[in-house]
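**Student:** Quick one: sequence plus predicted model below, questions after.
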Amino acid sequence: MTDIPTYTLNDGENLPAIGLGTYGLRGDAGIASVEAAIASGYRLLDTALNYENEREVGEGMRRAEVDRGELLVTTKIPGRHHGYDETMASFAESRQNLGVDVVNLYLIHWPLPRVDKYVDTWRAMIDLREQGLVRSIGVSNFTIEHLRRLDDETGVLPSVNQVELHPYFPQTQLREFHASSGIRTESWSPLGKSSELLSEPVIVDLAGAYGVTPVQLVLRWHTQLGSIPIPKSADAERQRENLDIFGFTMTDDELDVLSDLERGRLWGGDPETNEEF
Ligand SMILES: NC(=O)C1=CN([C@@H]2O[C@H](COP(=O)(O)OP(=O)(O)OC[C@H]3O[C@@H](n4cnc5c(N)ncnc54)[C@H](OP(=O)(O)O)[C@@H]3O)[C@@H](O)[C@H]2O)C=CC1
Ligand SMILES: O=C(O)C(=O)[C@@H](O)[C@H](O)C(=O)CO
């Protein structure tokens with residue numbers, strides 16, 4: 001089984017260098033996919049209240065023959081639950097759905113700056129961590145401006161910022177800010193979901209040179225940038241393929257070749273305007 005490196009976050013908690021995205025994993029098949037992923041070595045599972053699959057993720061964790069203490073689950077608070085009291089209630093709902101005592105990583109899913117309640121939400125999450133109900137708190141889709149406001153108004157920076165990140169959208173400036181601030185980057189849609197990323201000639205050629213698949217090369221790119229990719233796959237064989245990425249190391253120039261594919265966001269999810277409630 002693949003030996004997955006881990007990172008120590010700014011709160012002292014540890015996070016594996018790759019996790020399983022679960023968006024779209026639903027029902028009995030979704031439970032089986034989560035269970036299979038854990039059997040293959042995944043120890044970090046990413047879900048959200050809005051994925052409507054927290055029950056499946058929690059059941060897959062329970063069915064897996066791995067101690068709960070070895071597994072880390074991430075979930076996210078939706079925009080409709082922003083606000084201090086609303087966050088406390090939303091957390092209770094997610095915790096019940098998952099069937100866990102403690103959530104390992106709790107994220108604000110989208111900042112919704114127009115609603116302007118993400119600082120109140122953050123204060124509630126700080127308290128949830130103080131109460132021992134959450135191990136680590138973080139955000140998703142936050143910009144440098146949003147992160148600075150959390151620091152200015154609460155003095156607490158997130159442990160993680162989960163953002164759209166792939167060779168088409170390498171987010172260099174944001175990643176540099178994360179690195180200088182002690183925030184760990186997580187990559188959502190790390191494979192570019194259903195885009196043509198995996199058929200880019202430079203990716204196909206370089207993958208062939210290393211004797212790996214294009215998917216494995218892209219996921220290795222993420223890890224060498226210091227970001228935690230959370231690729232989603234419903235298929236056990238592809239889950240294993242996605243985990244088997246630590247046997248080779250690209251040069252800095254080769255990392256730049258992939259980053260030079262930059263073209264911008266793939267789905268228009270601008271944190272300043274995108275509102276998911
Ligand atoms: N915080 C946020 O706002 C967001 C968070 N996310 C998180 O990020 C996760 C990953 O992003 P997602 O948008 O799902 O897309 P990904 O970039 O992870 O791509 C997933 C797609 O790639 C396919 N795939 C996976 N592995 C392979 C492989 N080895 N070979 C070929 N195809 C493969 C999957 O098909 P198959 O399943 O058939 O293998 C699926 O269609 C989500 O599941 C979610 O947890 C995503 C979007 C936004
Ligand atoms: O997956 C998420 O966290 C989301 O925010 C989704 O709504 C996302 O936009 C999506 O379509 C999943 O890939």
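**Tutor:** Right, received. Where do you want to start? Ligands and ions are numbered 1, 2, ... in the order given.

**Student:** Tell me who's in contact with Gly30.
**Tutor:** 22, 24, 53, 56-57, 60, 234 (C-beta atoms under 8 Å, 6 or more residues apart in numbering). Where you see a C-beta, it was placed from the backbone N, CA and C, and this is true even at glycine.

**Student:** Using JSON lines, lay out the residues you listed together with pLDDT.
**Tutor:** Formatted as JSON lines, the contacts of Gly30 follow (pLDDT from 0 to 100):
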{"residue": "Thr22", "pLDDT": "98"}
{"residue": "Gly24", "pLDDT": "98"}
{"residue": "Asn53", "pLDDT": "98"}
{"residue": "Glu56", "pLDDT": "98"}
{"residue": "Val57", "pLDDT": "98"}
{"residue": "Gly60", "pLDDT": "98"}
{"residue": "Ala234", "pLDDT": "98"}
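
**Student:** Can you turn the buried part of the residues you listed into a PyMOL selection?
**Tutor:** For the buried members of the contacts of Gly30, the matching PyMOL selection, counting by 16 or more other C-beta atoms under 10 Å, is:
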select buried, resi 22+53+56+57+60+234
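
**Student:** and the contacts of Gly30, which of them are in helices?
**Tutor:** 56-57, 60 (DSSP state H).

**Student:** from those residues, which is closest to ligand 2?
**Tutor:** Val57 (13.3 Å; C-beta to the nearest ligand atom).

**Student:** correct me, but the closest one touches Leu98?
**Tutor:** Yes - assessed by C-beta atoms under 8 Å, Val57 is found in contact with Leu98 at 6.5 Å.

**Student:** Which pLDDT does the model give Ile18?
**Tutor:** Ile18 is assigned 98 on the pLDDT scale.

**Student:** Please list the residues of the stretch 151-277 of the chain that sit near ligand 2.
**Tutor:** Those residues of the stretch 151-277 of the chain that sit near ligand 2, judged by C-beta under 6 Å from any ligand atom, are 189, 193, 276.

**Student:** Distance of Arg43 relative to Leu107?
**Tutor:** Using C-beta to C-beta, to the nearest Å, we find Arg43 at a distance of 18 Å from Leu107.
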